[in-house]
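**Q** Need coordinates for the below:
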Amino acid sequence: MFFLYAKAIHIIFVICWMAGLFYMVRLFIYHTEAKQRLDAEYRLLHNQFVMMEKKLWWVITTPSMYLAVLAGLAMLYDTPALLHAPWMHVKLTFVLGLLVYHFICQRIMGKLTRNESNWTSIKLRLWNELATLLLFAIVFTVVLKSAINWIYGVFGLMVFAVMLMLAVKLYKRFREKRT
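**A** Below is the predicted model of the structure:
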C-alpha cells in the first residue's frame, strides 16, 4: 500500500515539476523577446518577469522536483527489486538528464535576472523541446519496460525530435513573415 501512495505522489509532483519547467522556459522566451522593446518598457517587463520566474521556480517548480524525486526514492526503497530491472536504469538515466536540465534552467534564470543571458528566443524554444523529449523518453520507458520496445521508442523519439525542430523553424518563419 505504501508503494501505491508513493507512486501517486510521484506522478502528481512529476506533473507539477514538468508544468513548471515548461512554463519557466516560456517565461524565458518572453523575457528575452522583451529586450526588443523600448528601454523604459523593457525595465518594467524585466522586473515583472524576474518576479514571475522567481515565484514559479522557488514556489512550484523546484519543490515539485524535490518531492517527485523523494517519492521516487521511496518507491525504490519500498521495492528495491526495481533497481535490477534494465528499464529502470534507462529511466533513471533520463531522469538524471531532466535534473541537469532543471539546474541549467536555474542558471538561465539567474543570467536573465542579471541581464547576462545570451540565449536567443529561438534557442530557448529549442531548449524547451528538450524537456518534452525527456518526458516522452521517461514515460515510454516506464510504460513499455522492454529493451526491444525501448529501441522502437528511441527511434520514434528521434522522429518526434526532428518533427519538433521543424515545427520550431516553421514557427520562426511564420513570425518573421508577420513582422
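**Q** Give me the distance from the least confident helix or strand in the chain by mean pLDDT to the chain's centre.
**A** Taking mean pLDDT, DSSP states H and E as the measure, helix 147-178 is the helix or strand of the chain with the lowest mean score, a mean of 77. Here helix 147-178 is found 16 Å from its chain centre; the criterion is C-alpha atoms, centre = their mean, to the nearest Å.
**Q** Quick check: nearest residue in space to the residue positioned nearest the centre of the chain, chain neighbours excluded?
**A** The C-alpha lying nearest the average C-alpha coordinate of the chain belongs to Ala131 (C-alpha atoms, centre = their mean; 3.5 Å). The shortest distance from Ala131 to any non-neighbouring residue, by C-beta to C-beta, 6 or more residues apart in numbering, is to Leu21 (5.1 Å). The C-beta positions use only the backbone N, C-alpha and C, and glycine is treated the same way.
**Q** same deal with Phe2?
**A** Closest to Phe2 by C-beta to C-beta, 6+ apart is Asp78, at 5.4 Å.
**Q** One more: Thr32?
**A** Ser121 is the one closest to Thr32 (C-beta to C-beta, 6+ apart), at 4.9 Å.
**Q** what's the answer for Met18, then?
**A** Leu135 (5.8 Å).
**Q** Which positions within the helix or strand hosting the one you found qualify as buried?
**A** Applying DSSP states H and E as the criterion places Leu135 in helix 121-144. For helix 121-144, burial by neighbour count (16 or more other C-beta atoms under 10 Å) applies to 121, 124-131, 133-138, 140-141, 144.
**Q** In contact with the residue nearest to Ala131, which residues?
**A** Going by C-beta atoms under 8 Å, 6 or more residues apart in numbering, Leu21 touches 61, 101-102, 105, 131.
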